[in-house]
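> here's a sequence, model it:
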Amino acid sequence: MHLIDMYIQEVTRRLPEKHRKDIALELQSTIEDMLPENFTEIDEKEVLAKLGSPVTLASGYLDRPMHLIGPNYFGIYVTLLKMILPIAATIALIVSISESILSYNSNEAVMNIVLAVIGKGIIEILGTLIQSFFWITLIFAILERTDISNEKLSIKTSLKDWTPDDLKSIPPILKEKKIAKSKIFGSLLEIGIFTAIYFNGVKLLGVYESVHGKLQLTIPSFNQEVLQSYWLIVVIAIAVEVTLVCYKFVVGQWTMKVATLNFVRHAISSIVVIVMFSNSILINPDFIAYLEGLMKSSFDMKDSFQIGIILLFVAFAVIDVIKGFRKASINR
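Numbering: from 1, shown residues only. Down below sits the predicted model:
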């Protein structure tokens, strides 16, 4: 993308949606008037340097006051809030769910457990958001009031002063390649739930029946000792998953490197699933007998069940890997 286009994008993305188009046209016209005929990249940099940091210029179009956090630090303050608050909320929810699952008592009704998890999760998220917001705001308020530099600072989005060369380090993000933050946090949530369920699967997964008016787990799906004997490779797979999710968050779009790492993590996860479900004593025989009786099946339900899980997992992995490489290869 051209330097001028990148500059305009950096300015307008900080403005209200309804004003972006008009201001982009105005800014484009202003820059063209400032440039000589047959301009070079050096001319572009000189003009953009005269206009100043995109954050500074964007703030000139905004009419909202910035009192508690002054203009010098407001940009980086908002950026950190957008980055930290969703992560803190997701971690709080994962911890809340994990604690509820790990402390699960099979004598309690499932619906009561679900309602308790939802209520506790909401309280934990709100508490974490309030605390995170308070401490981040307090730090920036102190920083704003203890800055004794006599020099008038430019508005900052990082700890370094802005130069036109910074535009070259900003990758243009196409809509088709963008990794939504909601998917990042969804992935973290899935990993947290999976981890909690894996280490407590015998208390959660299986056949539930009404006992004395309460819905209780009567036949666990897995042999818990066998299931947890794979804890080391499962933890390695989880660590790889978390690392990739964090890397996606930093990069923010599908690249060939992200797609390749996505392939690696699916390969590792698939190997772990294949190793685990190839064990003939992983599934509780009583659970298989229950399924055979329920479906009145005459074929080997255990092998079909385990092979089906492996094939299903690998199929989803292959689909996700292909989608990742297709998004990474988009270039227009």
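
> which regions of the stretch 151-300 of the chain sit below the pLDDT cut-off?
Applying pLDDT under 70 to the stretch 151-300 of the chain flags the ranges 151-162, 167-173, 213-215, 297-300.

> phi first, then psi, for the residue of the chain most remote from its centre.
The centre of the chain is farthest from one residue, E37, which by CA atoms, centre = their mean lies 45.7 Å away. When read as degrees, to the nearest 10, the backbone of E37 gives phi -70, psi 150.

> what pLDDT does it get?
As predicted, E37 sits at a pLDDT of 83.

> numbering from 9 from now on, please.
All set: I'll call the first residue 9, so the last point we hit is now E45.

> relative to D51, how far out is it?
10 Å (CB to CB, to the nearest Å). Heads up, the C-betas are built off the backbone N, CA and C, glycines and all.

> ok, Q261 next?
30 Å.

> more neighbours: these two, which one.
More neighbours surround Q261 than the other of Q261 and D51, with 18 against 14 (other CB atoms under 10 Å).

> show residues contacting the host helix or strand of S278.
Assigned by DSSP states H and E, S278 belongs to helix 264-285. Helix 264-285 has contacts (CB atoms under 8 Å, 6 or more residues apart in numbering) with 187, 235, 238, 241-242, 244-245, 248-249, 252, 255-256, 259, 290, 314-315, 317-318, 321-322, 325-326, 328-329, 332-333, 335-337.

> report the buried residues of it.
266-267, 269-271, 273-274, 276-278, 280-281, 284-285 (16 or more other CB atoms under 10 Å).

> just how off-centre is stretch 19-34 within its chain?
27 Å (CA atoms, centre = their mean, to the nearest Å).

> count of neighbours near S195?
So S195, with other CB under 10 Å, has 18 neighbours.

> L23 sits in which helix or strand?
L23 belongs to no helix or strand, assigned by DSSP H and E.

> show me what whatever helix or strand K191 lives in is packed against.
Assessed by DSSP H and E, K191 sits inside helix 189-206. If contacts are counted by 3 or more CB pairs under 8 Å, 6 or more residues apart in numbering; DSSP states H and E, helix 189-206 sits against helix 79-110, helix 239-259.

> mean neighbour count, the ones you listed: which tops it?
Ranked by mean neighbour count, these are led by helix 79-110 with a mean of 18 (mean count of other CB atoms under 10 Å).
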